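Chemist: pasting the sequence and the predicted model now:
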Amino acid sequence: MAVYTDIAEDDLKWFLTEYDAGTLLSYKGIAEGVENSNFLLHTSKAPLILTLYEKRVEKSDLPFFLGLMQHLSARGLSCPLPLPRRDGALLGSLSGRPAALISFLEGMWLRKPEAKHCREVGKALAEMHVAGEDFELKRPNALSLDGWRGLWEKSEARADEVEPGLQGEIRNELDFLAAAWPKSLPSGVIHADLFPDNVFFLGDQLSGLIDFYFACNDLLAYDVSICLNAWCFEKDGAYNITKGMAMLEGYQSVRPLSETEIAALPVLARGSALRFFLTRLYDWLTTPEGAMVTKKDPLEYLRKLRFHRQIGSAAEYGLSL
Ligand SMILES: Nc1ncnc2c1ncn2[C@@H]1O[C@H](COP(=O)(O)OP(=O)(O)OP(=O)(O)O)[C@@H](O)[C@H]1O
Ligand SMILES: N[C@@H](CCO)C(=O)O
């Protein structure tokens, strides 16, 4: 579930008076998601999403996330649009949490994406990268090299409980990535978490991107590698080159990758696999048994990391070089 904070109906009604959002007809908590508390609201005007930001989200980052959605939406990207309050602010407060109302996006996320969907995702990712070019706010990626090391240090002592030998393997990986990480690739605003549950489709048509709460400034091709990891592997752990090819073609139909970006893909994919391995490992080791949050399997990302280690060139991802 992801309703960490409950809301009282009267508080919500009071909160809504700050907006031109109509009167409350109904509301319910949304079970999906792990980071924040989300509610679906029906008002006399429109369906809306209410998000209460929980402790892992820095309040000082919220203007970046909400401003980015506004910016991308103004440039034609389909993503939730934050509703301004009557005083113009995008952020309010409810049940002691920072809170925002955002537009409801029609569609569903795909449990079994196919190559044609991967192509759409690649294209939408590139469109987001282009639309983000003139976004003025900046947010460094807290989950890049330095952040990985910090996260690892919190889990390291217990890592071998998850798989024997992990301690040495991950230490070596961090050292490798610190030495090999590309320094001068094109950078800009990246989504940084564009997994299937953050992309909505209506039929086969992509209807929008959600969940910009990891968005930041980083290497654009790193975002591509996140999507290859999240979309192009099968449940049995095998890389699906047809999906990879479709995703990369979709991306390059909007923003062609440079030769240096292409050459860096295997290293970037190792980094992004490690990033999701580490956050999942930390959650795995720290989420108490019985908590109502579904823990995600860190080993899925360890297997992906091992796959990228034996990649010889980006052609193996489905790129025609
Ligand atoms: N704008 C929106 N329109 C429609 N549904 C939405 C919208 N925003 C969120 N949702 C619903 O709420 C769920 C959780 O949202 P979201 O992924 O942003 O939460 P989160 O807690 O930040 O999750 P995550 O674990 O992915 O970081 C989504 O899967 C979707 O069902
Ligand atoms: N997409 C992340 C979780 C939310 O950020 C994962 O699958 O580990």
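Modeler: Good, I have the coordinates. No experiment lies behind these values; they were computed from the predicted model shown. Ligands and ions are numbered 1, 2, ... in the order given.

Chemist: setting aside sequence neighbours, what's the nearest residue to the residue in the stretch 151-300 of the chain positioned nearest to ligand 1?
Modeler: Residue nearest to ligand 1 within the stretch 151-300 of the chain: D211 (3.5 Å; C-beta to the nearest ligand atom). From N, CA and C alone the C-beta is placed, and that goes for glycine too. Leaving aside its sequence neighbours, D211 sits nearest to N198 (C-beta to C-beta, 6 or more residues apart in numbering; 4.3 Å).

Chemist: next, the one you found: phi, psi?
Modeler: N198 has phi and psi values of phi -110, psi 10 when expressed as degrees, to the nearest 10.

Chemist: isn't it right up against G208?
Modeler: No. Using C-beta atoms under 8 Å, N198 is not in contact with G208, being 9.6 Å away.

Chemist: list the contacts of the residue nearest to F233 when sequence neighbours are not counted.
Modeler: The shortest distance from F233 to any non-neighbouring residue, by C-beta to C-beta, 6+ apart, is to Y239 (5.6 Å). Taking C-beta atoms under 8 Å, 6 or more residues apart in numbering as the criterion, Y239 is in contact with 232-233, 307, 317.

Chemist: now do Y239, the pLDDT please.
Modeler: We note a pLDDT of 98 for Y239 in this prediction.

Chemist: look up how far S225 lies from it.
Modeler: 13 Å (C-beta to C-beta, to the nearest Å).

Chemist: per-residue confidence at the residue in the stretch 1-150 of the chain that ligand 1 sits nearest to?
Modeler: Per C-beta to the nearest ligand atom, the residue of the stretch 1-150 of the chain with the smallest distance to ligand 1 is G33, at 2.7 Å. We have a pLDDT of 75 for G33.

Chemist: tell me the phi and psi of it?
Modeler: The phi/psi pair for G33 (degrees, to the nearest 10) reads phi 90, psi 160.

Chemist: D211 is in contact with that one, correct?
Modeler: Yes. Between G33 and D211 a contact is recorded at 7.5 Å, counting by C-beta under 8 Å.

Chemist: quick check: neighbours shared by the two?
Modeler: Taking C-beta under 8 Å, 6+ apart as the contact rule, G33 and D211 both touch D197.

Chemist: could you check which of the two is surrounded by more residues?
Modeler: D211 (22 against 18; other C-beta atoms under 10 Å).

Chemist: near P47, how many other residues are there?
Modeler: Using other C-beta under 10 Å, P47 has 14 other residues around it.

Chemist: ugh, wrong one, E173
Modeler: Residues within reach of E173, counting by other C-beta under 10 Å, total 21.

Chemist: how is it assigned, secondary-structure-wise?
Modeler: Per DSSP: H, G, I helix; E, B strand; the rest coil, the secondary structure class of E173 is helix.

Chemist: cool, and K28?
Modeler: Following three-state DSSP, we place K28 in the strand state.

Chemist: what does A142 give?
Modeler: Once three-state DSSP is applied, A142 turns out coil.

Chemist: now it, nearest residue through space, not along the chain?
Modeler: Once flanking residues are discounted, A142 sits nearest to C216: 7.2 Å by C-beta to C-beta, 6+ apart.

Chemist: and that neighbour, what's its pLDDT?
Modeler: 98.

Chemist: need the contact list for it.
Modeler: Contacts for C216 (C-beta under 8 Å, 6+ apart) come out as 139-142, 189-190, 192.

Chemist: can you give me the neighbour number for the nearest residue to L177 once chain neighbours are set aside?
Modeler: Spatial nearest neighbour of L177, excluding adjacent residues (C-beta to C-beta, 6+ apart): G271 at 5.4 Å. Around G271 there are 27 other residues, counting by other C-beta under 10 Å.

Chemist: helix or strand next in line after the helix or strand hosting V121, which one?
Modeler: V121 is part of helix 115-131 when elements are defined by DSSP states H and E. Following helix 115-131 in sequence order, the next helix or strand is helix 145-155 (DSSP H and E).
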